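Asker: with the input below, show me the fold.
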Amino acid sequence: MLLAIDIGNTNTLIGVFHQDDLVADWRLRTVREATRDECVLTLNNIFLLNRLSTQEIDGIIIACVVPPLLPVFVEACRKTVGVRPLVLGPGVKSGMPIHYDNPRDVGADRVANAVAAYEKCKGSVIVVDFGTAITFDYISPDGEYKGGVISPGIAISLEALFQRAARLPKIELQRPKKVVGKSTVASMQSGILFGYVGLVDEIVNRIKAEEGTNPRVIATGGLAPFIVPESKTIDSIEEFLTLEGLKIIYRRNQE
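Answerer: Below you'll find the predicted structure:
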């Protein structure tokens, strides 16, 4: 079985694949100060709670956008499973040409998303990842990573409003009854929801116009279900797109 780990700025997504099937998954809060031993305990506990054996794991792949945590997780995997992980980064074969001024600048999670999305569509595709930042990645009809867009994430915007505006409270992400809010909370919910829907749809439409293609649009990330129902451009949600991409890349490097 394959253990795939995506270490993001806010959450860490862990999945176990048996052949093509994702048989277990966990979404954990990313703790930047975590030690190797804390990660070992976390891995052992989630395997134990799900009645899985670490001895069944014969491969590991990691994508990480939090540099201090990468060596911590690598050593934790070696101590827990006894397997040295493949770390997605320069020198690892993704099977996708990266047309970026500096390909090393493209986050490992974005590469994994792009690989998985193209594998699903076999044609041009835009991936919208609702994470700490909202990223847009465009893959050409020939399977080339052409670049993308990065904008502040929903949680970042909410936190900035709370910290910088003395009278604005922290709010829950809910769909307001109307666009025009009748309270501060409803007004903020409207601004966040419909503001980000407008941002997403406008950027997607501009990418389509600029590239002259009509790509499929796939959303992923923890906050995708909040935005997608209101969007006119997103075609589907793939909750585990990054893990799927890691699985594909791992296999390509074994070949």
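Asker: list the contacts of the residue lying closest to Ile249 once chain neighbours are set aside.
Answerer: Nearest non-adjacent residue to Ile249, counting by C-beta to C-beta, 6 or more residues apart in numbering: Ser94, 5.4 Å away. The C-beta positions use only the backbone N, C-alpha and C, and glycine is treated the same way. By C-beta atoms under 8 Å, 6 or more residues apart in numbering, the contact list for Ser94 reads 88, 111, 115, 249, 252.
Asker: wait, the third one touches Gly245, no?
Answerer: Spelled out, it's Val115. Yes - look at Val115 against Gly245 with C-beta atoms under 8 Å: they come within range, at 4.4 Å.
Asker: re earlier: JSON lines for the contacts of Ser94, including pLDDT and secondary structure?
Answerer: Shown next, in JSON lines, are the contacts of Ser94 (pLDDT from 0 to 100; DSSP: H, G, I helix; E, B strand; the rest coil):
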{"residue": "Leu88", "pLDDT": "97", "secondary structure": "coil"}
{"residue": "Val111", "pLDDT": "97", "secondary structure": "helix"}
{"residue": "Val115", "pLDDT": "98", "secondary structure": "helix"}
{"residue": "Ile249", "pLDDT": "97", "secondary structure": "helix"}
{"residue": "Arg252", "pLDDT": "96", "secondary structure": "helix"}
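Asker: where along the stretch 1-150 of the chain do the strands fall?
Answerer: Ranges of strands in the stretch 1-150 of the chain, per DSSP state E, counting those that start in this stretch, are 2-7, 11-18, 21-29, 59-64, 86-87, 125-130, 133-139, 145-152.
Asker: right, and those strands - which one's nearest Ile227?
Answerer: With C-beta to C-beta as the measure, strand 125-130 is the member of the strands of the stretch 1-150 of the chain nearest Ile227 (6.4 Å).
Asker: tell me the helices and strands packed up against that closest one.
Answerer: Counting contacts by 3 or more C-beta pairs under 8 Å, 6 or more residues apart in numbering; DSSP states H and E, strand 125-130 is packed against helix 108-121, strand 133-139, helix 184-211, strand 216-220, helix 224-227, helix 241-254.
Asker: same list (the ones you listed) but as CSV, adding distance to Arg36.
Answerer: Below are the helices and strands packed on strand 125-130 laid out as CSV (distance: least, C-beta to C-beta, whole Å):
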stretch, distance to Arg36
helix 108-121, 20
strand 133-139, 27
helix 184-211, 37
strand 216-220, 29
helix 224-227, 32
helix 241-254, 21
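Asker: and those as TSV, adding distance to Gly59 and mean neighbour count?
Answerer: Formatted as TSV, those follow (distance: least, C-beta to C-beta, whole Å; neighbours: other C-beta atoms under 10 Å):
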stretch	distance to Gly59	mean neighbour count
helix 108-121	15	24
strand 133-139	25	23
helix 184-211	35	16
strand 216-220	23	23
helix 224-227	28	20
helix 241-254	6	22
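Asker: dump the strands of the stretch 1-150 of the chain into CSV; add distance to Asn50 and mean pLDDT as well.
Answerer: Below are those laid out as CSV (distance: least, C-beta to C-beta, whole Å; pLDDT from 0 to 100):
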stretch, distance to Asn50, mean pLDDT
strand 2-7, 12, 97
strand 11-18, 8, 95
strand 21-29, 5, 93
strand 59-64, 17, 97
strand 86-87, 23, 96
strand 125-130, 26, 98
strand 133-139, 30, 97
strand 145-152, 34, 97
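Asker: now render those as CSV, adding distance to Phe194.
Answerer: Compiled in CSV, the strands of the stretch 1-150 of the chain are given as follows (distance: least, C-beta to C-beta, whole Å):
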stretch, distance to Phe194
strand 2-7, 29
strand 11-18, 25
strand 21-29, 26
strand 59-64, 32
strand 86-87, 39
strand 125-130, 15
strand 133-139, 15
strand 145-152, 15
